[in-house]
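Novice: quick one: sequence and predicted model below, then my questions.
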Amino acid sequence: MRTAVVHEWLVTYAGSERVAEQMLLLYPDADLFSLVEFLPPELKFFIQHKPVTTSFLQKLPFANPRFRNYLPLMPLAIEQFDLSDYDLILSSNHAVAKGVTTRADQLHICYVHTPIRYAWDLQQQYLQGAKLNRGLKAGLTQLVLHYLRLWDVASANRVDHFIANSRYVARRIHKTYRRSAKIIYPPVAIDRFSPHAQRDDFYFVLSRFVPYKRVDLIVEAFTRLGLPLVVVGDGAERHHLQSIAGKNITFLRHQPEAVVVDLMQRCKAFVYAAAEDFGIAIVEAQAAGAPVIAYGKGGATESIIPGKTGLLFSEQTVESLIDAVKAFETGSIRFSQAEIRQNAERFAPERFQQELSMYIDRKWTEFQRKDALQY
């Protein structure tokens, strides 16, 4: 069974890359395909230092680091990969990876981190955040997104089976493609963390500074509350966030892993305000024994046990978050670090590998049986 693993782009080591990493560990002889590959040498460990077959985007001007500017060309680029020599194709998709072309005698299983956000439910947020909601440039961008939506739906027919990283994403897959999906939660490197004996008196945020993450909501809420907050991350909204922050809020740019782990293990609670597809950072915080205060929509509702491992606030507003933090501050709910850690262990990489392997084996057996019955 010759196997190909297809990933959108290889430029960092984050949540979707951890899924690709586990696929390669399951199938060490698989060949790896990606639109572009700009990994620094110290990050190539997770692809096992494999050679990567890239698309023509790799050689276009300024592709590194502005490959996202070539979004209109990505559907064409992903379709150029020649996968004719493979029996099994595993795609790791949050944009266009599922659009690879395959034959009827090949099995294509797609792990979906999200249907492409900026073309579907978060289109308006992305356009506003990029100041592309009026004018000629906005019109051209909306035309590109319209084309991308048409292609996205059409290319879903090239996938034999979908896997979703949460029930929330499975519902979005059904809404967008009218297809069902198996739910396999992504792998979380919980062994990087251990509960700290003594929690310190500060709240913690780890996030990219992009509109849908709603870090602005957290900053405004804690500025009003006057409680100490440490924010780690960077992005287009950095200057705006700093301009609305009180003196009780400390901003740190991207930090080494050891610093992030230390903050997770010492913080009073981890705060999250996005409607996330899954939210790996939410599980990482629990692996560190930290209670989580999160918006009660999306993947957070699947990884947090309210009143046991954290609190959920019902509305994505400053007032709703303030109410949740005040409830947490009363100390009326006693959180057990051991219980919080135990909940995080449900998402260990070993569990992911076992579930994914069993699912692929079952679908491969069914695929071979159906193929045999046709002759």
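Specialist: On my side now, so go ahead. Everything quoted here is computed from the prediction, not taken from an experiment.
Novice: so how many other residues sit close to the nearest residue to Leu229 once chain neighbours are set aside?
Specialist: The shortest distance from Leu229 to any non-neighbouring residue, by Cβ to Cβ, 6 or more residues apart in numbering, is to Phe222 (4.3 Å). Heads up, the C-betas are built off the backbone N, CA and C, glycines and all. Phe222 has 24 neighbouring residues, counting by other Cβ atoms under 10 Å.
Novice: show the contacting residues for Phe222.
Specialist: By Cβ atoms under 8 Å, 6 or more residues apart in numbering, the contact set of Phe222 is 203, 229, 246, 248-249, 271, 325.
Novice: farthest-apart pair in the residues you listed, please.
Specialist: The span of the contacts of Phe222, defined through Cβ to Cβ, is set by Gly246 and Val271 at 15.1 Å.
Novice: just the C-alpha atoms of stretch 154-173, please, in PDB.
Specialist: What follows is stretch 154-173 as a C-alpha-only set of coordinates in PDB (Å, rounded to 0.1, in the frame of the first residue of the first chain):
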ATOM      1  CA  ALA A 154     -16.500  20.800  -6.000                       C
ATOM      2  CA  SER A 155     -13.200  19.400  -4.800                       C
ATOM      3  CA  ALA A 156     -15.000  17.800  -1.700                       C
ATOM      4  CA  ASN A 157     -16.200  15.100  -4.200                       C
ATOM      5  CA  ARG A 158     -12.600  14.000  -4.600                       C
ATOM      6  CA  VAL A 159     -12.500  12.800  -1.000                       C
ATOM      7  CA  ASP A 160     -13.700   9.300  -0.100                       C
ATOM      8  CA  HIS A 161     -13.900   9.800   3.600                       C
ATOM      9  CA  PHE A 162     -13.700  12.900   5.900                       C
ATOM     10  CA  ILE A 163     -12.300  13.000   9.400                       C
ATOM     11  CA  ALA A 164     -13.100  16.000  11.500                       C
ATOM     12  CA  ASN A 165     -11.000  17.300  14.500                       C
ATOM     13  CA  SER A 166     -14.100  18.000  16.600                       C
ATOM     14  CA  ARG A 167     -17.900  17.700  16.500                       C
ATOM     15  CA  TYR A 168     -18.000  21.400  15.800                       C
ATOM     16  CA  VAL A 169     -15.900  21.000  12.600                       C
ATOM     17  CA  ALA A 170     -18.000  17.900  11.600                       C
ATOM     18  CA  ARG A 171     -21.100  20.100  11.700                       C
ATOM     19  CA  ARG A 172     -19.400  22.600   9.500                       C
ATOM     20  CA  ILE A 173     -18.300  19.900   7.100                       C
END
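Novice: next one: it to chain centre, how far?
Specialist: Distance, stretch centre to chain centre, for stretch 154-173: 15 Å (Cα atoms, centre = their mean, to the nearest Å).
Novice: identify each buried residue in it, please.
Specialist: Neighbour-count burial for stretch 154-173, with 16 or more other Cβ atoms under 10 Å as criterion, is recorded at 155-156, 158-170, 172-173.
Novice: which of these fall in strands?
Specialist: Counting by DSSP state E, those place 161-164 in strands.
Novice: can you tell me which of those residues is closest to Arg351?
Specialist: Closest to Arg351, out of all of those and judged by Cβ to Cβ, is Ile163, at 14.1 Å.
Novice: look up how far Gln316 lies from Thr223.
Specialist: 17 Å (Cβ to Cβ, to the nearest Å).
Novice: the chain: helices as residue ranges?
Specialist: With DSSP state H as the criterion, the chain has helices at 15-26, 63-66, 74-79, 123-129, 136-155, 167-177, 215-225, 238-244, 257-266, 280-287, 300-303, 318-329, 337-344, 349-373.
Novice: mark out where each domain of the protein begins and ends.
Specialist: 3-187+349-373, 190-347 (automatic domain parsing).
Novice: how about JSON lines for those, with mean pLDDT added?
Specialist: Below are those laid out as JSON lines (pLDDT from 0 to 100):
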{"stretch": "domain 3-187+349-373", "mean pLDDT": "93"}
{"stretch": "domain 190-347", "mean pLDDT": "96"}
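Novice: doesn't Gly235 make contact with Val210?
Specialist: Yes. Judged on Cβ atoms under 8 Å, Val210 makes contact with Gly235 at a distance of 5.3 Å.
Novice: comparing the two, which shows the higher neighbour count?
Specialist: Neighbours around Val210 and Gly235, counted as other Cβ under 10 Å, are more numerous at Val210. The numbers are 18 against 14.
Novice: just the buried residues of stretch 228-247, please?
Specialist: For stretch 228-247, the neighbour count (16+ other Cβ under 10 Å) marks 228-233, 237, 241, 245 as buried.
Novice: just give me the closest of those residues to Lys182.
Specialist: Closest approach between the buried residues of stretch 228-247 and Lys182, by Cβ to Cβ: Gly233, at 31.9 Å.
Novice: can you tell me the closest non-neighbouring residue to that closest one?
Specialist: Among residues not flanking Gly233 along the chain, Ser207 sits closest, at 4.7 Å (Cβ to Cβ, 6+ apart).
Novice: what number of residues lie near the one you found?
Specialist: For Ser207, using other Cβ under 10 Å, the count is 21.
Novice: who's in contact with it?
Specialist: Applying Cβ under 8 Å, 6+ apart, the residues near Ser207 are 213, 215, 231-233, 272, 274, 281.
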